[in-house]
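Engineer: how would this look folded up:
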Amino acid sequence: MQRVKDPNDPQLAREGYVMADGDFIWNPGGALQTVAFTPLLMPVGDQVNNDFGASGHLNPAFKLYALYRDTDLDFAWQGKGSRAGRFGFDFARNLETNFEIHGEWARILQFSQPVTDAAGHTVATNYGPADAGVNHFVWNLRYQAPVRYRGEPAPRRRGGAAAFFFGVGGGPTVAPGTYKVAVTVNDQTQTQTVSVVKDPGVPVVAGAFASEVAYGLEARDMMSSLDETLNHIDELDHQISSFAAAVRPAEGQEADPRYKDVLDAGRSLHQSLDKLKNVLWNTKIQRGASEDDLHWLSDLHAKVEGLLRGASIGYGQPVSSQAREQMTAVRQELATQLADFNQIVKTQVSDYNKLAKKVDAPTLFAGAPVSLPAGGK
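Structural biologist: Numbering: from 1, shown residues only. As a prediction, the model looks like this:
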């Protein structure tokens, strides 16, 4: 979870990443002299840690350290998120002055498969198993899929056969051209150039592929911003409810008056978040029940998903003026809701944290403001 050292000047200090961490240290005594546990969370978004890996993830990791007799032991783990999941351990022991024995082992659970276009721009980054032996990778000829809302029921999640059929299995289909697929495992990379050719049986309007890709990427980015906002809302709600549950008095006991203002602010913040969430994602719809959404007005998530689906229907056909008008209208509506969320973070979350600090209560982590990228980027 650190920036790569400069190989020409390995002693040069590098700027760190933005993250939240903690240290829990225990000295049990005896042969096991010290135990230390360091958990951390690293957010990755368009405005924070954007060079670490894929955007839209809150990357968990931890390090467990122990000093057993005269041997240092480390075990480190990083969950799957912006990068492939990995874990490893090492040990070190001084045999005598200026002479140490050291060993380490690590494993990356998946290998990365970035695809770039002829200009060197990343089209998509996929991950596959890194088991010993032969591993296969099949590129689906699509751009990177949008960030997924973690509260979306599994049958509706993008990526399954049904989702792919309806056009939300990933980003938009790439245009014909030359692409480079790279496979990286343990810092070793092999590349292969591939050519995507036009279907000769389908008449194509000049410039249609570029128009389709730009439209599809804009819809993809809108979906990512919306789903990222929903994830932030759920994370904030979880933090609020966890603290409220931790200080809830036992039956027959009085509530601690120190936390009244914080709890009141949490309830008010929850109401604001819940109101916004129902605009983005109608919580009354039974997502796992077939056609239940027919009983309710379409939420903003369904509108953006419709744009993303529509971007995958045509092949080599120009985007209609009606589709562009719909894109503009939905984009304006989404921009308004994202501004509302960022304002809640700027005001209510900030006010909550000020009250929490006064009584040494946990503060809320909201991450960087959610942005809406320029269209077709």
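Engineer: low-confidence ranges in the stretch 201-350 of the chain?
Structural biologist: Applying pLDDT under 70 to the stretch 201-350 of the chain flags the ranges 285-298.
Engineer: Can you show me the helices along it?
Structural biologist: With helices called from DSSP state H, counting those that start in this stretch, the stretch 201-350 of the chain shows them at 208-246, 260-280, 300-310, 321-344, 350-358.
Engineer: confidence score at Asp117?
Structural biologist: Note on Asp117: pLDDT of 89.
Engineer: And Gly120, by the same measure?
Structural biologist: 87.
Engineer: Tell me the backbone dihedrals of it, please.
Structural biologist: For Gly120, the backbone dihedrals are phi 90, psi 0 (criterion: degrees, to the nearest 10).
Engineer: Tell me how many other residues surround it.
Structural biologist: As a burial measure, Gly120 scores 7 neighbours (other CB atoms under 10 Å). For every residue, glycine as well, the C-beta is placed using N, CA and C.
Engineer: swap in Asp360?
Structural biologist: Counted with other CB under 10 Å, Asp360 comes out at 7.
Engineer: same check, this time on Ser321
Structural biologist: As a burial measure, Ser321 scores 8 neighbours (other CB under 10 Å).
Engineer: Phe243 against Ala361, yeah?
Structural biologist: Yes - contact status for Phe243 versus Ala361: in contact at 6.4 Å, counting by CB atoms under 8 Å.
Engineer: Export the helices of the stretch 201-350 of the chain as CSV, with columns for distance to Gly171.
Structural biologist: Compiled in CSV, these are given as follows (distance: least, CB to CB, whole Å):
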stretch, distance to Gly171
helix 208-246, 5
helix 260-280, 21
helix 300-310, 8
helix 321-344, 16
helix 350-358, 35
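Engineer: Identify whichever of these lies nearest to His57.
Structural biologist: Among the helices of the stretch 201-350 of the chain, the nearest to His57 by CB to CB is helix 208-246 (9.3 Å).
Engineer: Enumerate the positions of the closest one that are buried.
Structural biologist: Using 16 or more other CB atoms under 10 Å as the test for burial, helix 208-246 gives 208-209, 211-237, 239-240, 243.
Engineer: Kindly report the same for stretch 360-374.
Structural biologist: 361, 363-364, 366-370, 372.
Engineer: next one: stretch 105-120
Structural biologist: In stretch 105-120, counting by 16+ other CB under 10 Å, buried: 108, 110-117.
Engineer: ditto for stretch 132-140
Structural biologist: With burial defined by 16+ other CB under 10 Å, the residues of stretch 132-140 counted as buried are Asn140.
Engineer: So for that stretch, mean pLDDT?
Structural biologist: In the prediction, stretch 132-140 has an average pLDDT of 78.
Engineer: Pull the residues that contact the helix or strand harbouring Leu41.
Structural biologist: Here Leu41, judged by DSSP states H and E, is contained in strand 32-44. For strand 32-44, contacts defined as CB atoms under 8 Å, 6 or more residues apart in numbering pick out 1, 17-28, 49-50, 52-69, 81-82, 365, 367-368.
Engineer: among the residues you listed, which are in helices?
Structural biologist: Among the contacts of strand 32-44, the subset assigned to helices under DSSP state H is empty.
Engineer: can you list the domains in the chain?
Structural biologist: Per the record, the chain has its domains at 20-107, 111-196, 208-358, by automatic domain parsing.
Engineer: what's the neighbour count on the residue nearest to Ala20 when sequence neighbours are not counted?
Structural biologist: Among residues not flanking Ala20 along the chain, Leu41 sits closest, at 5.0 Å (CB to CB, 6 or more residues apart in numbering). Counted with other CB under 10 Å, residues neighbouring Leu41 total 17.
Engineer: And Leu41, what's its pLDDT?
Structural biologist: 93.
Engineer: measure it to Leu73 for me?
Structural biologist: Per CB to CB, to the nearest Å, Leu41 is found 24 Å from Leu73.
Engineer: What does Val18 show for phi and psi?
Structural biologist: According to degrees, to the nearest 10, Val18 has phi -80, psi 120.
Engineer: That one contacts Val48, doesn't it?
Structural biologist: Yes - Val18 lies in contact with Val48 (CB under 8 Å); the separation is 5.3 Å.
Engineer: Val205 - how many residues pack around it?
Structural biologist: Residues near Val205, counting by other CB under 10 Å: 11.
Engineer: sorry, that was for Thr184
Structural biologist: Residue crowding around Thr184 was assessed by other CB under 10 Å; the count is 17.
Engineer: Skip the chain neighbours and tell me the closest residue to the residue nearest the centre of the chain.
Structural biologist: Nearest to the geometric centre of the chain sits His57, at 2.1 Å (CA atoms, centre = their mean). Excluding the flanking residues, the one nearest His57 by CB to CB, 6+ apart is Gly81, at 3.6 Å.
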